[in-house]
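Asks: Please work out how this folds:
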Amino acid sequence: MADTSSANAGTTPLGMALMAAALALPAVRSAHADSAPERASLAFKWLDYKDSQLGEDRIRVRAPSALLVLPLSGDWAVGGTLTSDAISGASPAYHTTAITPMHDKRNALELNATRYFANGSLTLGSSVSRESDYLSRNLSVQGSLADESKNTTWTAGLALGRDRINPSTQIVTNEHKRSTDVLAGVTQVLGTHDIAQLNVGWSSGSGYFSDPYKAMDERPRGRRHTTLLARWNHHFEASSGTLRSSYRYYTDSFGVKAHTLGLEYVQPLTQGWTVTPLLRLYTQTAANFYVDADASTDPFPPNPPADWAHYTEDQRLSAFGARTLGLKLAKQIDANWNVDVKYERYSQRASWTLEGRGSPGLAPFNARSLQLGVSRQF
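Replies: Reported below is the predicted structural model:
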C-alpha cells in the first residue's frame, strides 16, 4: 500500500522513522568542504516501528538496511544504501475510523558518486523504490563550495522524481506524479564551539496526490512547498558535550503550515560510550480542503460541502501537534567497530497545535520506533 497522501513525509512519525531511506536530496555533511574518506565503511541498520490508535495497533514496519561507502583513488568515493521494508497492520479509511487490514513490502536502492576538490565536492545520485502499487525513481545532484578559510560553505542541489501509481483498488491505473526539488544553503563556523547552518528548499509537483485507499479523498493535481531549515550546534568545553538544535518551517499550496523544533544533546562518556537524549516538537495547520470529523454521521464519513472540488478526511492533513522523546546509546568498540541503539516515542494530539484547538473528533495517536545499528571501517 503506497502512502501518497502524507502532508509532509519528513514529519509524520513513519516518515521520520524511515528517514534514512527517504529518497531526497543529500544532506549537507559538515561545516567544512567535504574531504574524501580514507577508509571504506559498511553499516547495517534495523528498524522496528509500530503505531497505535483507539487502543489498537495499526501499522508496523520492520526495515533492515545496509550502507556501503568506498573511496576510489584520492578524489572519488561511491556509496549505496539498500533498504527493505515489511509493512503490515491496519490503516483507517477516513479520519481515525474504518480501519482495514493491509500488508506490503518496499525495496529501495540509492546509489551516489562524489568527486572531491580542494574546497568543495560534487555528488551525483540516483534511487529507486518499489512497492506492489507504487514505483518511485529519483535523480539528484548536489555541490558544495567553501571559501579559502573553510569557515563558510555554500551548498546547492537539484532532485527530479518520477512516480507511478497502480493501487489495488483500481480506482486509477498507471497514474503518475512528478516532482522537482531545489536546495540552497550555507554553513558557517562561528567560533571554536559553534556552527550554524541555514537551508532553503523549494519543491513543485504535478500528478496524482490523492490517496486511493481513503474514502472521500480528492486532492489537487499539483503541489508546491517551501521549507526553511536552521541548525545550530554548540559544544560545551566543560562537559565535552554538544547541543544540536534545529528549527524547520514548512508551507505548501494545500494550506498546510508546519513548525518543527528539534533538540539533541550528545554527551560522550567513558570507555567509548555516548548518550544522546532528544526532543522534537511539531505543529501543523489543516489543509484548506480537510473535512472535519462529525460524530453525528458515525459510522459513516461526513459528506464534504457540495461546492468543494477538493476534499480529504485523512488525519495526516488535519490540524494537530506532536512531540517525540528519544534516547540513543552508542559504543565505539575500537578504531573499526561502532554499535548503537535508539528508541523514540511519538505522541500526537489535535489539542497540541499552536494555532486554535486543532481539528475536532480525532483520537490520540501514538507511535514508537526502535533502531539498532552496527558499522565497521576497513
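Asks: Tell me which helix or strand the closest residue to L54 other than its chain neighbours sits in.
Replies: In space, not counting the residues next to it along the chain, L54 is nearest to A363; the distance is 5.1 Å by C-beta to C-beta, 6 or more residues apart in numbering. To be clear about C-beta, it is placed using only N, CA and C from the backbone, and glycine gets the same treatment. For A363, there is no host helix or strand (DSSP states H and E).
Asks: could you check the distance from the residue of the chain positioned farthest from its centre over to M102?
Replies: What lies farthest from the middle of the chain is S296; by C-alpha atoms, centre = their mean that is 35.9 Å. Distance, S296 to M102, by C-beta to C-beta, to the nearest Å: 29 Å.
Asks: I'd say R223 and T251 touch.
Replies: No. Using C-beta atoms under 8 Å as the test, R223 is too far from T251 to be in contact (11.5 Å).
Asks: Quick check: phi and psi on A350?
Replies: Backbone torsions of A350, given as degrees, to the nearest 10, read phi -60, psi -40.
Asks: Could you do Q315 as well?
Replies: Main-chain dihedrals, Q315, degrees, to the nearest 10: phi -60, psi -30.
Asks: Could you do P212 as well?
Replies: The phi/psi pair for P212 (degrees, to the nearest 10) reads phi -70, psi -10.
Asks: Nearest residue to it in space, ignoring adjacent ones along the chain?
Replies: P167 (3.7 Å).
Asks: Next, count neighbours for that neighbour.
Replies: Residue neighbour count, defined by other C-beta atoms under 10 Å, stands at 20 for P167.
Asks: So it belongs to a strand, correct?
Replies: No. Going by DSSP: H, G, I helix; E, B strand; the rest coil, the assignment for P167 is coil, not a strand.
Asks: The helix or strand containing A184 - contacts with which helices or strands?
Replies: Secondary structure assigned from DSSP H and E places A184 in strand 175-189. Here strand 175-189 touches strand 152-165, strand 194-207, going by 3 or more C-beta pairs under 8 Å, 6 or more residues apart in numbering; DSSP states H and E.
Asks: Give the bridge partners for the nearest residue to E344 once chain neighbours are set aside, please.
Replies: Ranked by C-beta to C-beta, 6+ apart and with sequence neighbours excluded, the top spatial neighbour of E344 is G326, at 3.7 Å. Beta-bridge partners recorded for G326 (DSSP bridges): L278, E344.
Asks: what is the mean pLDDT for the strand holding A184?
Replies: Mean pLDDT, strand 175-189: 97.
Asks: What strands flank it, and is each parallel or antiparallel?
Replies: Strand 175-189 has these strand partners (DSSP bridges): strand 152-165 (antiparallel), strand 194-207 (antiparallel).
Asks: To A108, which of the helices and strands packed on strand 175-189 lies closest?
Replies: strand 152-165 (12.8 Å; C-beta to C-beta).
Asks: Extract the CA atoms of that closest one and return them as PDB.
Replies: Once non-C-alpha atoms are left out, strand 152-165 reads as follows in PDB (Å, rounded to 0.1, in the frame of the first residue of the first chain):
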ATOM      1  CA  THR A 152      31.900  29.200   5.200                       C
ATOM      2  CA  THR A 153      30.500  26.500   2.900                       C
ATOM      3  CA  TRP A 154      27.800  27.100   0.300                       C
ATOM      4  CA  THR A 155      25.600  24.200  -0.900                       C
ATOM      5  CA  ALA A 156      23.100  23.800  -3.800                       C
ATOM      6  CA  GLY A 157      21.200  20.800  -5.000                       C
ATOM      7  CA  LEU A 158      18.600  19.600  -7.500                       C
ATOM      8  CA  ALA A 159      16.500  16.500  -7.500                       C
ATOM      9  CA  LEU A 160      14.000  15.100 -10.000                       C
ATOM     10  CA  GLY A 161      11.400  12.500  -9.100                       C
ATOM     11  CA  ARG A 162       9.100  10.300 -11.200                       C
ATOM     12  CA  ASP A 163       6.500   8.100  -9.500                       C
ATOM     13  CA  ARG A 164       4.000   5.600 -11.000                       C
ATOM     14  CA  ILE A 165       0.900   4.600  -9.000                       C
END
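Asks: chain center to that strand: distance?
Replies: Offset of strand 152-165 from its chain centre (C-alpha atoms, centre = their mean, to the nearest Å): 14 Å.
Asks: And the residue nearest to P212, how far from D133?
Replies: Distance from P167 to D133, by C-beta to C-beta: 5 Å.
Asks: for S245, same thing?
Replies: 39 Å.
Asks: what do you get for V256?
Replies: Distance of V256 to D133, computed by C-beta to C-beta: 24 Å.
Asks: So which of those two has more stuff around it?
Replies: Higher neighbour count among V256 and D133: V256, with 22 against 17, using other C-beta under 10 Å.
Asks: so what's N233 up against?
Replies: By C-beta atoms under 8 Å, 6 or more residues apart in numbering, the contact set of N233 is D194, I195, A196, T242, L243, R244, S245.
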